[in-house]
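K.L.:
Task: produce atomic coordinates for the following.
(one chain, ligands or ions: 1)
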Amino acid sequence: MVFRRRARRMRWLGCHRLGPIWKALLVFVAIAFTGQLLGFFNKSWMQPERPRSVFPLSSDDGHGSPMGPCRPHTHAMFLKTHKTASSTVLNMLYRFGEERSLRFALPLGYQFGYPLLFNAHRVKGYRGPRMVEFNIMGNHMRFNKPEVEKVMPADTFYFSIVRDPVELAESSYAYFKAVAPAFKRAKGLGDFANDPRRYYDPRLRNNHYARNLLWFDFGLDHNANYTAALARRGEAEIRKSFNLILVSEYFDQSMVLLRHALCWPLDAVVSFSLNARQPKPAAGGSWGSKANLGAALALTDDQRLKLREWNALDWHLYQAFNRTFWEEVERFGRARMEAEVALLRTRRDVLARVCLRDGGKPVEASRIRDKTIRPFQSGLVKILGYELHPSLDNSTRQACLRMIRPEIQYKDLLDAQQFPRAQPPPGAAVAAGGAPIRREPLAPKIGDQLGGNSIERDWDGTRLGRNVSLPVRERDGKDRFR
Ligand SMILES: Nc1ncnc2c1ncn2[C@@H]1O[C@H](COP(=O)(O)OS(=O)(=O)O)[C@@H](OP(=O)(O)O)[C@H]1O
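P.N.:
As a prediction, the model looks like this:
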């Protein structure tokens, strides 16, 4: 009976008359249609003639909710605060700008003279106040608005990101243990939290990593004694300068707000977490050959409270901007936010399946076969990166590579694109994306103590120069002048 009905239906559809070629065609159309729905084959992924990105260039890429008639912002300044997921945000800016051939305000080394206050002359290619149109600025700096304004256009969108200071302290301790004297001397973060003043000398270079790091990055005095009035003044100053402050703990919601503020397509804010630490080992385990780092980072509730007090200025900022953030979400609409976050996560899952090996899990640098995409390593813990799926076609590979290329390598690539005449001679190391880079990121050599180092160096040891002759580090690690 059932079979008879099915046979009748097939006859009605005319399938019995279809030859094998028509059947194959039908199957192909069905696959292509499903692919479209899932976003695998949007226009940019299908065009083989030149490497394209996963991101179509309109503000409405068909994946997110429609953006309406707004025009995408192309003047953006991101204050890259430390240990706040800022490398993940910077990667989005890099991708967005690279795909649209926007001009980046790039540092001579890898940071804008950090930890000194920002100065416009730190920007490669700067020729005087607003002489050159820069679109995007986002490398680490200690914020200094009047100098930034010399570089960026008047209609620039300013934004930054904050994180709970206790989580931030943990990340900072793990990463800067070897360079911040206050951390170096303590047995562990708990030990430091018990009595920070015992370890902390405000005169020593790099100790800013150990106290009110957000406050410091925003250009404020991080050693000032906390008072409510001072904290409110600092907060007000930041509010005057910035259009939006994101919150690391609510990264996806932050991306939705950012995308709407900038009128950017959904794909521009879909990302894989970069610069993540290897997770803490289970009790009794150890991290590699080093001491038990799990114990070094363990904190009691009391120690967490003490860290909050020690970083009281940052705690104030975090609370204030967290409140504002949720007010923004309220204005945006809670239900609308939930729907957009769900879309963003679905899209990230799809891209992870397409792009990444091991189901998209981040892996230790040493396991990444392509050495040119290994992330920079620092401190006590292993910083994780990604491996690309081995069987990607060229254009898909280029698009995926953009999403996982570590910060240092990406900066080198953009630098080479913006200053093509300054390329190193043939034979220098070439990154996966075609850019010359150092073979492997070098260990950081941050200047020791105040006044102890006459040659000015960036955080990673790069010797800094002026715009006239620019030092580059070649594959052999020697500085040469371009
Ligand atoms: N998407 C997303 N959401 C939440 N958290 C994220 C995300 N991406 C990166 N991270 C975490 O951010 C920490 C690294 O921060 P930064 O990239 O700012 O570090 S750095 O200052 O540039 O070295 C680092 O934190 P820890 O793992 O606690 O060290 C990353 O895991």
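
K.L.:
Partner strands of the lengthiest strand in the chain and their direction?
P.N.:
Longest strand in the chain, counting residues (DSSP state E): strand 157-162. Strands adjacent to strand 157-162 in the sheet, as given by DSSP bridges, are strand 76-79 (parallel), strand 244-247 (parallel).

K.L.:
got a list of what the residue nearest to M255 when sequence neighbours are not counted touches?
P.N.:
Nearest non-adjacent residue to M255, counting by C-beta to C-beta, 6 or more residues apart in numbering: V269, 4.0 Å away. Bear in mind the C-beta positions are built from the backbone N, C-alpha and C, glycine included. By C-beta atoms under 8 Å, 6 or more residues apart in numbering, the residues touching V269 are M92, M255, V256, L258, R259, L344.

K.L.:
tell me the two of those residues that are most distant?
P.N.:
Pairwise distances across the contacts of V269 peak at 12.9 Å for M92 and V256 (criterion: C-beta to C-beta).

K.L.:
residue contacts, the residue of the stretch 101-250 of the chain found nearest the ligand?
P.N.:
Nearest residue of the stretch 101-250 of the chain to the ligand: S171, at 3.3 Å (C-beta to the nearest ligand atom). Applying C-beta under 8 Å, 6+ apart to S171 gives the contacts K83, R163, R277.

K.L.:
can you do 6 Å?
P.N.:
K83 (C-beta atoms under 6 Å, 6 or more residues apart in numbering).

K.L.:
Start and end of stretch 380-397, how far apart?
P.N.:
Using C-alpha to C-alpha, to the nearest Å, one end of stretch 380-397 lies 32 Å from the other.

K.L.:
and it, what's its mean pLDDT?
P.N.:
Stretch 380-397 shows an average pLDDT of 92 in the prediction.

K.L.:
contacts for it?
P.N.:
With C-beta under 6 Å, 6+ apart, stretch 380-397 has contacts from 45, 48, 51-52, 174, 177, 275-278, 293, 356-357, 362, 364-365, 368, 374-375, 377, 400, 404.

K.L.:
List the buried residues in it.
P.N.:
380-389, 395-397 (16 or more other C-beta atoms under 10 Å).

K.L.:
now stretch 88-104
P.N.:
88-99, 102-104.

K.L.:
Also stretch 361-377?
P.N.:
P362, V363, A365, I368, T372, I373, R374, P375, F376, Q377.

K.L.:
between those residues, which is nearest K187?
P.N.:
Of the buried residues of stretch 361-377, the one sitting nearest to K187 (C-beta to C-beta) turns out to be Q377, at 22.5 Å.

K.L.:
Quickly note the distance from that closest one to Q409.
P.N.:
Q377 sits 13 Å away from Q409, going by C-beta to C-beta, to the nearest Å.

K.L.:
picking up where we left off before, filter the buried residues of stretch 88-104 down to the ones near the ligand?
P.N.:
Among these, proximity to the ligand is found for T88 (C-beta under 6 Å from any ligand atom).

K.L.:
and T156, what does it touch?
P.N.:
Taking C-beta under 6 Å, 6+ apart, we find T156 in contact with H75, M77.

K.L.:
how would you label R304: helix, strand or coil?
P.N.:
Taking DSSP: H, G, I helix; E, B strand; the rest coil as the rule, one finds R304 in the helix state.

K.L.:
What about the closest residue to it other than its chain neighbours, how many residues nearby?
P.N.:
Distance criterion C-beta to C-beta, 6+ apart; nearest residue to R304, sequence neighbours excluded, is V166 at 5.0 Å. Neighbours of V166 under the rule other C-beta atoms under 10 Å: 22.

K.L.:
Repeat that for R345.
P.N.:
Neighbour number of R345 under other C-beta under 10 Å is 12.

K.L.:
which element is it on?
P.N.:
Using DSSP states H and E, R345 sits in helix 334-355.

K.L.:
Show me which residues of that helix are buried.
P.N.:
Buried-residue list, helix 334-355, by 16+ other C-beta under 10 Å: M337, E340, V341, L343, L344, R347, R348, V350, L351, A352, V354, C355.

K.L.:
Assess the claim that the second one and M255 are in contact.
P.N.:
No. Counting by C-beta atoms under 6 Å, no contact exists between E340 and M255, whose distance comes to 8.9 Å.

K.L.:
Could you check how far the helix or strand containing A399 is from the centre of its chain?
P.N.:
Here A399, judged by DSSP H and E, is contained in helix 394-404. Mean-position distance between helix 394-404 and its chain equals 16 Å (C-alpha atoms, centre = their mean, to the nearest Å).

K.L.:
Tell me what angle the next helix or strand after that helix forms with helix 394-404.
P.N.:
Remark: after helix 394-404, the chain's next helix or strand is helix 407-418, criterion DSSP H and E. For helix 407-418 against helix 394-404, the angle by axes from the mean of the first three to the mean of the last three C-alpha atoms, to 10 degrees is 120 degrees.

K.L.:
how far does helix 407-418 sit from the chain's center?
P.N.:
14 Å.

K.L.:
tell me the mean pLDDT over that helix?
P.N.:
In the prediction, helix 407-418 has an average pLDDT of 96.

K.L.:
cool, and stretch 136-153?
P.N.:
98.

K.L.:
Can you point out the buried residues in it?
P.N.:
Per 16+ other C-beta under 10 Å, stretch 136-153 contains these buried residues: 136-145, 147-152.

K.L.:
Just to be sure, which of the residues you listed are found in strands?
P.N.:
I136, M137.

K.L.:
which among the buried residues of stretch 136-153 gets closest to F251?
P.N.:
Of those, the one sitting nearest to F251 (C-beta to C-beta) turns out to be G138, at 16.3 Å.

K.L.:
How about the closest one: what's its closest non-neighbour residue?
P.N.:
F78 (3.9 Å).

K.L.:
if I look at that neighbour, how far off is the ligand?
P.N.:
Using C-beta to the nearest ligand atom, to the nearest Å, one gets 11 Å for the distance from F78 to the ligand.

K.L.:
For that residue, the count of nearby residues, please.
P.N.:
The burial count for F78: 23, using other C-beta under 10 Å.

K.L.:
Tell me the bridge partners for it.
P.N.:
With DSSP bridges as the criterion, F78 is bridged to F159.

K.L.:
in stretch 270-282, what counts as buried?
P.N.:
Neighbour counts over stretch 270-282 (16+ other C-beta under 10 Å) mark V270, S271, F272, L274, N275, A276, R277, Q278, K280 as buried.

K.L.:
any idea which of these is closest to A193?
P.N.:
K280 (16.7 Å).

K.L.:
what does the host helix or strand of E98 rub up against?
P.N.:
Assigned by DSSP H and E, E98 belongs to helix 86-99. By C-beta under 6 Å, 6+ apart, the residues outside helix 86-99 that reach it are 53, 78, 80, 104, 136, 138, 161, 268-269, 271, 273-275, 402, 407, 410.

K.L.:
near the ligand, anything from the strand or helix carrying F183?
P.N.:
Secondary structure assignment for F183, by DSSP H and E: helix 181-185. No. Helix 181-185 does not reach the ligand (C-beta under 6 Å from any ligand atom); its nearest approach is 13.8 Å.
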